[in-house]
Structures are given as C-alpha cells and as structure tokens.
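Visitor: just a sequence and a predicted model for now, questions to come.
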2 protein chains.
Amino acid sequence: MSSFLSFLKPQNMSLFTDYYELTMCASYFDNKNFEPATFDLFIRRLPENRSYFLFAGLDEALQYLQSIKFTEEHLAYLKKQGFRPDFLDYLGGFKFTGEAWTVPEGTVAFPNEPLIRVTAPIIEAQLVETFLLNTINLQTMIATKASRVVQAAKGKSVIEFGLRREPGIDAGMKVARSSYIAGCQGTSNVLAGMAYGIPVFGTLAHSFIMSYPKEIDAFRAFAKTFPNKSTLLIDTYDDIAGAEKAVIVAKELEAKGFRLGGVRLDSGDLAQTSKKVRKILDDRGLSYVKIFASGDLDEFKITQLLNEGARIDAFGVGTKMGTSADRPYLDVIYKLCETMTANGSFSPIMKLSKDKITLPGRKQVYRFKSKDGGFSRDVIALADEHMEGEALLVKVMENGKLSRELPSLEQIRVVASENLAKLPAEYKQLMNAPTYPVELSQKLQTLIETTKFQLTKNEINRRVI
Amino acid sequence: MSSFLSFLKPQNMSLFTDYYELTMCASYFDNKNFEPATFDLFIRRLPENRSYFLFAGLDEALQYLQSIKFTEEHLAYLKKQGFRPDFLDYLGGFKFTGEAWTVPEGTVAFPNEPLIRVTAPIIEAQLVETFLLNTINLQTMIATKASRVVQAAKGKSVIEFGLRREPGIDAGMKVARSSYIAGCQGTSNVLAGMAYGIPVFGTLAHSFIMSYPKEIDAFRAFAKTFPNKSTLLIDTYDDIAGAEKAVIVAKELEAKGFRLGGVRLDSGDLAQTSKKVRKILDDRGLSYVKIFASGDLDEFKITQLLNEGARIDAFGVGTKMGTSADRPYLDVIYKLCETMTANGSFSPIMKLSKDKITLPGRKQVYRFKSKDGGFSRDVIALADEHMEGEALLVKVMENGKLSRELPSLEQIRVVASENLAKLPAEYKQLMNAPTYPVELSQKLQTLIETTKFQLTKNEINRRVI
C-alpha cells in the first residue's frame, strides 16, 4: 500500500493521545514505577435500542501496539511542553513490550466483558489507552449499528453510502470496513474499496441528470457509457415520470442487446413509490430491473418500508448508519484492574466512583451455548478459573509481538455472521430486546466484595459532610 | 511536518470519493462534456437546537482542491473496476483547474447560504464533491457545537477532552482544531497540539490514583513530578475525602515553596460537590487552587451547573462535544446550480425533488448590519447583483491555484470570535432561538419561478398516477 494510506497504519500515532497519559507516565517514570499492571478495555453499558455489541477495530488496535514509537520531532515537541530530559530519553527508546488478550474481531459481546486485556509495565499499558479507545469506539459502534441495519433488511442487500457525512477521513474508511464486517455488501467509498478489497457501488447523482436539458437525455448518456450496469436515478423531477423515461431507455438498451440494471429512488414515500415503479417496470416486461432505494434510511425506516410492502431490492444506507446517528459513541473505557505489589504478586484494583464501579482482577469471559449452538449466557470469571463454556479472550500478543496470525477481513466477516446467527432472535429485536444474561462468577463476586471492603476501609474514613 | 501527518494533507485523497462521482465523470467524459458548471456547497437546514452554523474546514478543502491527482495505483484499481482506458488516461492527467469562492473560515452562516461555490469543467467540479462535503460536515458541525459549549460556559475556560470517543483519527484531529476555532482554550490531544499549535491540557486519570496503595500516595507522587502544575483528581473513591487529602498535599507543596494548581471532579453532583470542595479549599487558605470539572458535559449541563451556582473554574468537555452527540451530522449538500449551454452562456439549474428544492444560478450572500455592527439580516442574491451589505463569498482560488493567502488558525479563531460577538444574543440562545432572517433577492426569486416553470413544463408532463 502506498503512502496515502499511511494514516491507516498507525505507526506514528504515539502522540495521538490525551496529554494526561503522558503526564501520568512521566510521574510513573519519576517515581520509578515500572511494575506490570493489567487494564481491561470494555463497554460500560448498552446504549438505548442496542442489545449487544459487534466487536470491531482489533486489527488496527494491534497494529498500533506493535508500532508505537516516538520520533525526534515528537520528543522535541514534548520537550517544549516541559517534560524532563530523562523521561524524554526513556520515550526515545519506548516500545510496547506487553501481552494482550482479546476477543476475536467480529464477536458479539456485552457490557462489562473485557474485549481487550493488556498486561504490561504500567507506563506502557497506560500510554496506549487513548488510541485503543478511539479505534474500538468507532469501529465497534459502527459494526453494531450496521448489523442492526442488515438485520432489518431481512436478506435484501445493504450498501454503505455515508461517506460524505461520516466524520472525517478515518471515519470514512473505518465505517466502510466495519459495516462490511457487519454484513453490508459493499460501500460507495472507492478508497476503502481499494484499501480493504470491499466491493464498491454507485450510480449517478441528481447533478448528472440536471446537467442535461432533459432527464431522458441524461439517462441515455449514462446508459451509453454503462450499457449493462446502469442504475438510473429517477426522482430528480418526478419519480413516476422518471420511471416512465427509464422504461424507454431500458427498451432502447434491449434493442441493442443490453439490460438496464436498475432504478434508484432517493426521496418521497419510498414504499408507495416503489410499488408504483415496480408495476410500471413489470407491466413493460422489465421485471429484471431492480429497484434501489436510498435517502435517510436506518434500521427503523427499513423495517417500516418492508412492513408497508415496499418493492425494494437493495438499500443504500448513508448518514444515519455511518454516524450511528441515534448514539454516536459507546461508553467504552479502559480501566486498571490489577497492579503488581512490592512482593511480586498481583493485587486487584477497582474503582468506586459513583455509578462507575469497575471489576477487579485479571478476567476471562466464558460463553455458554444451548443444545442448538445458540448463545445462552456469559460468565465473567477470574482468568485462573476454568469453566465449561468457550473462553472468549485469547492471547494475541506476547512481548509486544503478535502471537497468532490475525484473520483477514473476509474471515472476520464470517466470524461476525456466525456470531450474529448464534445470537438468539429475541436479542436481535431492534427495540425492547431482553437483556442477555452476563453473570459474574462466584470467585469474582467474592473478590469484588473483599476489594471494596479494603478500599472503603482505607480511603473513606471520614464523616459525611 | 513529518509523514505521520500525511493524512492531514489530502494530496492523495482522490479516491476518497463516492463511486458514483467516478461513474458520472466517466459518462461526462464519454459524452464529451467538458463544459464548466457551478456547484454550491451549503447546508439545507438547521438541526434542532441550532440557530446558526460556524463555518470551519475550509483550509483542508482548499488543500484538497489544489492537490487532487490520481496515482498509478489508483488507475490500476479503477481499471480493475472496469473503467475504460481513455477515461483512465484522462484521470492520469487530472487536476482541478477551476475557481472557488467561499465564505471565510470562522464565519457565522445560515441554511441555504452557499459556503463554497465551485466553478469548473463539470467533471472536475463533480469529482470533488464527496471530499468537500466530508471535511466541511465534520468541521462545521464541531465548530458549531463547540461554540455553543463555550457560550454556555460564560467566560470560564472550556478544554476539548473528547479524543477517546471521537470517531477515528481524523475526527480526533479536526475536533481539536474546530473546537479551538470556536473558542475552546485547548485540547487533550497531543498530536493536535503539535500539528496545529493548540495548547494541550491534561492531569491524571483514576488509574494513576488506583495504582497506588493509598490515594494520598498517588497525589504525592504526582505532585513530586509536577510540583507547580498538578491538578489532582479527587473523586476516585470519595470526592470530599479526596479534597481533604488534596489539602494536605497542597500544604506540603506550600512548605516547599510550590502551589497546587487545581483539583478535578469527574463524577457525581458537580454543582454541590464543587461548592463543598471550594469551601474546604478556601477554609484552608487555598483560594488559589482551581476547581476543574469533567464528566458527561455539554452546553446544557454546563448551563445547569452554573445556574445551580457551581464553583467550577474550567470545564473539560469530551464526548458530547467531540461527537456533536445530539446531532452528529449536518445536512450539508453540494448542488449543481448552473451549466454552460451550447451557445456559451450559463443556464440556471435547480432540483425539484420533494422537500429537496435547491436555488438556481450563481449566487452571492450579502450580510446587513445594524448601527452597532451586529448582524441584522442576510440576503442571498445572484452573483451579478450589487447590494449594500457585506459580500460574504470571496474568491480564494482561480485556475486551480490559491488566489489569496489563507489565514492562520489563530486568525480564523479571531474571525470566529468577532462573528459570534456580532451575532445578536437572541440568536445565540441554546434553545428556542428565533430564526435569523435570510431573504432571497427579488432577482433570485424571479429566477426560481422561471426555472421551476421551465422544468415543470419539460419534465412533469404526465397524469398523476
């Protein structure tokens, strides 16, 4: 891949971090704290109308961990910010040397389940926080949203069309990738097509139609260039009149041995219009011409259209999927869960801030299945517990290097498809889905109580003011 | 700037486009349409709770126009997609040769006002659509949102803290830049600090506190490293107990000739807690210690906190500002408004799709001011009309090259500040603001009627089905 994709390979993203990661690391360094610690990356809670997460973004997260380093330019900038020379020397030789356990990309996951578990000297484990959160937030948010849209489309194709309003360049790329993982058939983003090997789709815009004196002239011009794969946008002036002109052009193509691919609707009452257009096409023997719809679609709108009997073969879904418009972020966090103590053993850590309690200790997630293979419940346990269920966290990095081959995008897409198929239907309801059972093992519950007791005794020895 | 910032310089973003831009261009090429056309980039409507836009993103938009080109790798990819050799040859020599008129970055703007007006051979003007929309959407959305947050803070500092949940790498950079334009004092994003020269801020996280056996040990360790600029996070276990420990550390610092910078609250009832903490600090002679607050803030929460008498000196605002969470996109569009006809004159173009009507012809926006210099109304007129008001669109690019020097980020920030100051207070209300008057000139209204009549006559000659 050429240099223009360099931002997709985050080898120089070491300063793409919150300033406080660096001040904390400077203080760990100053206080000679190089002991290992474990952090969990997880999502605190489900947004409204979400009942699961589809985990995505791991590939880039691991690229980042493998490649983080500080250049002379970075160090010169940090020097100007007042960091001390000995710490800058340390950063000059910095690399991530830790281990990472993760759930596979494409896995269906739930709140509080560690998705990435990092164990490394605390400076290293701390410094990588911001980037990991940034990339997992975006990609898991979009994969989750897109999986709902695909689910709503009930087997009709969904194409990701949101590039123009996705928030920035990187989002434009990652939305294409994440929505493809979630089951979309392709994207309008040509660069994503090239970078990731995702199929690209697109037809023509209103401006093309409007640039010709008459609509039918525009249709003919486009069909001349793409005689066997034109999809004509028919709603620039009036969708029914547009459909009738598309019929004329389709018949002209037939006379030359070609076939019109489809027509596209982008405004108005898509359900009613699609039925009328389907009838116009079918009445003229054009049942092979597909109807493609776009315009302000999301999982709810698609459900409504299908319930109204829309005759739509494929959906182009843009802004609302590409921005996860009803909830444009996840409550993804990265929390310390154990540190090494002076005697060389790990000590559990948890946070007691109001409404922000975290789970102490190094953990594993076990998934239990019903007889038909469907997911029935998960148990968050301590890492040294052994349970019957499938252990979701697997070691992917050791001593800062990948310890297993990462799957291709197509393989990740299969993992996602299999995971979504095994998630029982009730948990895939678009609204008011029941809560999938995620339990804490008895050992973890006991650890929570003892850790909480110890912390309360140590830290909250005061009268209430 | 080094290569890691290459994604900020979009010289290789030519494939960062919707596929249909390329199919349309292929058909323009195939049909030998190289005539000039004019497109307007504008925002169709105000989102709920917005009463103006703060225009941002122009700098990158113009970088893109100057640098778009197709590499061998791009052409090889497009060849595989089935584009014809003659069109690929054309793309191999492609550059943007047109002119661009824009409102200055940092300008307050309103719906339907052209923000960027591009006139170029139609292939060129069409091809750049997606990138322009993508970058203006993100940056204008965030500048607008951030200006509301700054407005709500009533002179208290606002720091942009959202990097971890901003959607991707590019968003993380652009949010820092756009919110700085809008009046934020700085960002947590170190890379943005380096790339744009924005002040960076940050203290420490709960994990730092939790990595020590006792909270006060963590405070002391951090204060040792940053004796004159520590802001201690006091809510890890209990905010009031944390404040009392911060007092102890502040007194220890005083004994060594240093001063604690501040304390930070990140959870709970920030208004009530800040008052209690302020009293604890003041009672011990620590009135110089600032109180910094973060945690789920936006313009509404900040307003509420200040109304409740919160004693907060600065706000760290993250996710909700950095994602424009209540409306994570703008209805930004790029529409053809004129084409050159066979006789060499320009012909007005407009779109009649349901609810998506556009304004025909090449246009200018005039802004009228009251005696005190405040903005009183805007008029969208034809470009060849001359009016008394200030013409907002200025020519910035001619023959594909910049025709005026672009302002620095600091200068853009001043433009934004002056614009926001001149916008009368009623239009800056966070909710239920009146609609700022944007009128259409008489000539433009006449053009709309004649164009609509002509189109209806040409295109909608059918019975209603």
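Guide: Received the coordinates, thanks.

Visitor: can you tell me the closest non-neighbouring residue to the most centrally placed residue in chain A?
Guide: The centroid of chain A falls nearest to A:Gln139 when counting by C-alpha atoms, centre = their mean (2.3 Å). Excluding the flanking residues, the one nearest A:Gln139 by C-beta to C-beta, 6 or more residues apart in numbering or on different chains is A:Gly57, at 3.1 Å. The C-beta positions use only the backbone N, C-alpha and C, and glycine is treated the same way.

Visitor: what residues are up against the one you found?
Guide: Listed by C-beta atoms under 8 Å, 6 or more residues apart in numbering or on different chains, the contact partners of A:Gly57 are A:105, A:135-140, A:174, A:178.

Visitor: how long is stretch A:350-365 end to end?
Guide: For stretch A:350-365, the first-to-last residue distance is 18 Å (C-alpha to C-alpha, to the nearest Å).

Visitor: what does the helix or strand A:Ile216 falls within rub up against?
Guide: Using DSSP states H and E, A:Ile216 sits within helix A:215-225. Residues outside helix A:215-225 that contact it (C-beta under 8 Å, 6+ apart): A:204, A:208-212, A:230, A:232, A:236-237, A:241-242, A:245-246, A:248-249, A:252-253, A:258, A:260, B:23-24, B:26-27, B:30-31, B:33, B:459.

Visitor: before we move on, what about stretch A:241-258?
Guide: Stretch A:241-258 has contacts (C-beta under 8 Å, 6+ apart) with A:215-216, A:219-220, A:223, A:227-228, A:230, A:232-236, A:259-260, A:263, A:276-277, A:280-281, A:284, A:286, A:289, B:459-462.

Visitor: likewise stretch A:412-430?
Guide: Residues outside stretch A:412-430 that contact it (C-beta under 8 Å, 6+ apart): A:49, A:51-52, A:54, A:56, A:59, A:104-108, A:143, A:147-148, A:151-152, A:180-183, A:299-300, A:303, A:369-370, A:373-376, A:407, A:433-434, A:436.

Visitor: follow-up on the earlier one: just the buried residues of the contacts of helix A:215-225.
Guide: A:204, A:208-212, A:230, A:232, A:236-237, A:241-242, A:245-246, A:249, A:252-253, A:258, A:260, B:23-24, B:26-27, B:30-31, B:33, B:459 (16 or more other C-beta atoms under 10 Å in any protein chain shown).

Visitor: in helices only, show me the residues you listed.
Guide: A:208-210, A:241-242, A:245-246, A:249, A:252-253, B:23-24, B:26-27, B:30, B:459 (DSSP state H).

Visitor: picking up where we left off before, how near is the residue nearest to A:Gln139 to B:Leu260?
Guide: 38 Å (C-beta to C-beta, to the nearest Å).

Visitor: ok, back up a step: which of the ones in helices among the buried ones among the contacts of helix A:215-225 sits closest to A:Thr358?
Guide: B:Thr23 (50.5 Å; C-beta to C-beta).

Visitor: residues of the stretch 301-450 of chain A that sit close to chain B?
Guide: Counting by C-beta under 8 Å from any C-beta of the partner chain, the stretch 301-450 of chain A comes close to chain B at A:319, A:323-325, A:328-330, A:332, A:335-336, A:339, A:341, A:349-356.

Visitor: with just CA atoms, put stretch A:248-256 into CSV.
Guide: What follows is stretch A:248-256, C-alpha atoms only, in CSV (Å, rounded to 0.1, in the frame of the first residue of the first chain):
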residue,chain,number,x,y,z
ILE,A,248,-38.0,4.0,-22.6
VAL,A,249,-34.2,3.8,-22.1
ALA,A,250,-34.5,0.1,-20.9
LYS,A,251,-36.3,-0.7,-24.2
GLU,A,252,-33.6,1.1,-26.2
LEU,A,253,-31.0,-0.9,-24.4
GLU,A,254,-32.9,-4.2,-25.0
ALA,A,255,-32.9,-3.3,-28.7
LYS,A,256,-29.1,-3.2,-28.6
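
Visitor: next, the residue lying closest to A:Ile169 once chain neighbours are set aside: secondary structure please.
Guide: The shortest distance from A:Ile169 to any non-neighbouring residue, by C-beta to C-beta, 6+ apart, is to B:Asp170 (4.1 Å). Classification of B:Asp170 using DSSP: H, G, I helix; E, B strand; the rest coil returns helix.

Visitor: surely B:Asp170 touches A:Ala171?
Guide: Yes. At 6.7 Å, B:Asp170 and A:Ala171 qualify as touching, with contact defined as C-beta atoms under 8 Å.

Visitor: intersection of neighbour lists for these two?
Guide: Common neighbours of B:Asp170 and A:Ala171 (criterion: C-beta under 8 Å, 6+ apart): B:Leu138.

Visitor: which residues does A:Lys346 bridge with?
Guide: You called it Lys, but residue A:346 is Phe. A:Phe346 has these beta-bridge partners by DSSP bridges: A:Met340.

Visitor: wait, doesn't it sit right on A:Arg362?
Guide: Yes. Look at A:Phe346 against A:Arg362 with C-beta under 8 Å: they come within range, at 6.9 Å.

Visitor: what's the overlap in contacts for those two?
Guide: A:38, A:338.

Visitor: so where do the strands sit in the stretch 201-350 of chain A?
Guide: A:231-233, A:262-265, A:290-294, A:314-317, A:332-340, A:346-348 (DSSP state E, counting those that start in this stretch).

Visitor: I should have written the stretch 1-150 of chain A there, sorry.
Guide: Shown for the stretch 1-150 of chain A, the strands assigned by DSSP E, counting those that start in this stretch span residues A:36-43, A:53-54, A:99-102, A:108-109, A:116-121.
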